[in-house]
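> Below is the sequence, then the predicted model.
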Amino acid sequence: MSNSSFITTPADNSLKQRAQKKGGISREEALKRAEKAIQDLDINYPEIASPKLAIILEYVSELTHSGALSTEKHEKLYRECHDIKGQGGSFGYPLISEVAASLCVCLEFADKENLHYISAINNHVAAMKLLIDRNVKGRGGLAEQELVKTIHEVSTKLRTDAEEDQ
Amino acid sequence: MTETLNLSDFRVIIVEDDAYMRQLIIRLLRGFGITMIREASSGTEALKYLRTDHYDLMLTDWLMDDMNGLDLIKKIRTEKKPYYRLPIILLTAYSDRKRVTQARDNGVTEVMCKPVSPVKLYERIYSIVNYPRNFVETPNYIGPDRRRHPDDKYEGERKRDGEEAEMPHTHDTSADPDLQRNLKKQQAAFSELSDKISA
């Protein structure tokens, strides 16, 4: 390439060469060891999530009573939900992550003037609180699956409504 | 053919403001055989370490308080310090295409959507090690070539296949009638709300 402002350097294979040294472990073994390592990690996720949930409850209560939140508080509320979305599944609580993900969709994309906005937020938070309080690990059973499915339905509809209105 | 990776002399830096997530990631990396791991709780702290030590790989969160992951990546790529070609995995709870594209446009090597799992992280590292990309420098973009190079010889699980299916922790709650009642109550509330939104 003659254009001096466009430079392409060939891929660096040094990591590959180093990783091919004797004494390596297979993918299966690496995953087995990693799984074991996180199982041994003594973390009770509901305990980690509880302070975040407390902040969420506080802001949602304010939202419910005053009808709106300041931009700063809305961002903080989103941030806490976003954190729970990322953490829950990582620590073996995917349903909590999924409810938080759906709540993030509502907070980010739904029309805040929508008649059902506040009600949807409150329902999400109630579901999240239930799963955290009752320490619901893993994917749960039929009731949990149905709950998550309907939750997604609500956030998807709110998002679609908002996008159609634009 | 069983392919092995020896990552024992790899030096990795983790930039994550959540101490619990850092612990989880460290555990996973150790499981993969990586022992030289530096923790940074902010982008500023990470830059301090990058200026003084050599690292082979960086894992960074996106949403952080003092400097977010994207700004950190942009800084690393554009400041042209010795580490500006460092392979970077961005960990994020954002999963929409728009944000993944935004991350790629800022020079990230791999994006990994949270929740974090052994399979997802291993696949990203495997890809960086075995399929390094060309490095591109243009007036508008500095970072790894954004085009992917599919590998027909790879026999393991594909990066985006089976990620959803991986859930080792199962928990049967059917024996808890009170919880079941509450779950159904919540589901009914959402169902009612869903009908109202449709109306």
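Arrived safely. These numbers were taken from a predicted model, which means no experiment stands behind them.

> C-alpha from now on. contacts and neighbour counts both.
OK.

> before we move on, what SS does residue B:13 have?
strand (DSSP: H, G, I helix; E, B strand; the rest coil).

> Do I have it right that it meets residue B:37?
Yes. Residue B:13 is within contact range of residue B:37, at 5.7 Å (criterion: CA atoms under 8 Å).

> the strands in the chain, which residues?
Since no chain was named, I'll use chain A. Counting by DSSP state E, one finds strands in chain A at the ranges A:7-9, A:25-26.

> oops, chain B please
With DSSP E as the criterion, chain B has strands spanning B:4-5, B:11-15, B:36-40, B:57-61, B:88-92, B:110-113, B:135-137, B:142-144.

> residues in contact with the second one?
Yep, that's strand B:11-15 we're talking about. Under the contact criterion CA atoms under 8 Å, 6 or more residues apart in numbering or on different chains, strand B:11-15 has outside partners B:22, B:34-43, B:46, B:54-61.

> Then the fifth one?
With CA under 8 Å, 6+ apart as the contact definition, strand B:88-92 has outside contacts at A:86, B:57-63, B:69, B:73, B:103, B:108-114, B:116, B:124.

> can I get the strands of chain B in TSV with distance to residue A:53, mean neighbour count and mean pLDDT?
Listed next are the strands of chain B as TSV, based on distance: least, CA to CA, whole Å; neighbours: other CA atoms under 10 Å in any protein chain shown; pLDDT from 0 to 100:
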stretch	distance to residue A:53	mean neighbour count	mean pLDDT
strand B:4-5	40	20	95
strand B:11-15	24	22	98
strand B:36-40	26	18	98
strand B:57-61	21	24	98
strand B:88-92	20	24	97
strand B:110-113	22	22	96
strand B:135-137	43	19	95
strand B:142-144	38	27	96
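
> any low-confidence regions in the chain?
Since you didn't name a chain, this refers to chain A. Applying pLDDT under 70 to chain A picks out residues A:1-4.

> ah, I was thinking of chain B
B:1-2, B:148-172, B:198-199.

> what about 90?
B:1-3, B:65-66, B:80, B:95-97, B:146-199 (pLDDT under 90).

> all helices of it, in order?
Counting by DSSP state H, one finds helices in chain B at the ranges B:19-31, B:43-52, B:69-78, B:97-105, B:118-130, B:177-198.

> Those: which one's closest to residue A:10?
Among the helices of chain B, helix B:118-130 comes nearest to residue A:10, with 14.0 Å by CA to CA.

> Pipe the helices of chain B into TSV and attach distance to chain A and mean neighbour count per row.
Formatted as TSV, the helices of chain B follow (distance: least, CA to the nearest CA, whole Å; neighbours: other CA atoms under 10 Å in any protein chain shown):
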stretch	distance to chain A	mean neighbour count
helix B:19-31	4	20
helix B:43-52	18	16
helix B:69-78	14	20
helix B:97-105	13	15
helix B:118-130	5	21
helix B:177-198	5	17
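
> could those be laid out in CSV, adding distance to residue A:76?
Below are these laid out as CSV (distance: least, CA to CA, whole Å):
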stretch, distance to residue A:76
helix B:19-31, 19
helix B:43-52, 20
helix B:69-78, 18
helix B:97-105, 19
helix B:118-130, 28
helix B:177-198, 25
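
> Quick check: residue A:45 vs residue A:132, distance?
8 Å (CA to CA, to the nearest Å).

> actually residue A:147, not the one I typed
The value you get for residue A:147 to residue A:132, if CA to CA is used, is 14 Å.

> likewise residue A:58?
16 Å.

> between those two, who's got more neighbours?
residue A:132 (22 against 13; other CA atoms under 10 Å in any protein chain shown).

> Which residue, neighbours along the chain excluded, lies closest to that one?
residue A:46 (5.3 Å; CA to CA, 6 or more residues apart in numbering or on different chains).

> what sits against that neighbour?
Contacts of residue A:46 (CA under 8 Å, 6+ apart): A:132, A:133, A:135.

> who's in contact with residue A:85?
By CA under 8 Å, 6+ apart, residue A:85 lies in contact with A:96, A:97, A:98, A:99, A:100, A:101, B:93, B:114, B:115.

> which of those tops the neighbour count?
residue A:96 (29 neighbours).

> can you point me to the longest helix in chain A?
Assigned via DSSP H, chain A shows its longest helix as helix A:142-165.

> wait, does that one contact chain B?
Yes. Helix A:142-165 reaches chain B (CA under 8 Å from any CA of the partner chain) through A:143, A:144, A:146, A:147, A:148, A:150, A:151, A:153, A:154, A:157, A:158.

> what are the ranges of the helices in chain A?
A:14-19, A:27-39, A:45-66, A:71-90, A:94-109, A:117-133, A:142-165.

> Would you mind giving those helices as a markdown table with distance to residue B:177 added?
Putting the helices of chain A into a markdown table (distance: least, CA to CA, whole Å) gives the following:
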| stretch | distance to residue B:177 |
| --- | --- |
| helix A:14-19 | 52 |
| helix A:27-39 | 28 |
| helix A:45-66 | 20 |
| helix A:71-90 | 24 |
| helix A:94-109 | 19 |
| helix A:117-133 | 14 |
| helix A:142-165 | 11 |
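
> Does residue A:10 touch residue B:137 like I think?
No. Counting by CA under 8 Å, residue A:10 sits too far from residue B:137 to count as a contact (11.7 Å).

> Please name the nearest non-neighbouring residue to the residue minimising distance to the centre of chain A.
By CA atoms, centre = their mean, chain A has its centre lying nearest to residue A:85, at 1.6 Å. Of all residues not flanking residue A:85 in the chain, residue A:97 sits nearest, at 4.0 Å (CA to CA, 6+ apart).

> Could you do residue A:13 as well?
Using CA to CA, 6+ apart, the nearest residue to residue A:13 is residue B:132, at 6.6 Å.

> and the one you found, what are its phi and psi?
Dihedral pair for residue B:132: phi -60, psi 150, per degrees, to the nearest 10.
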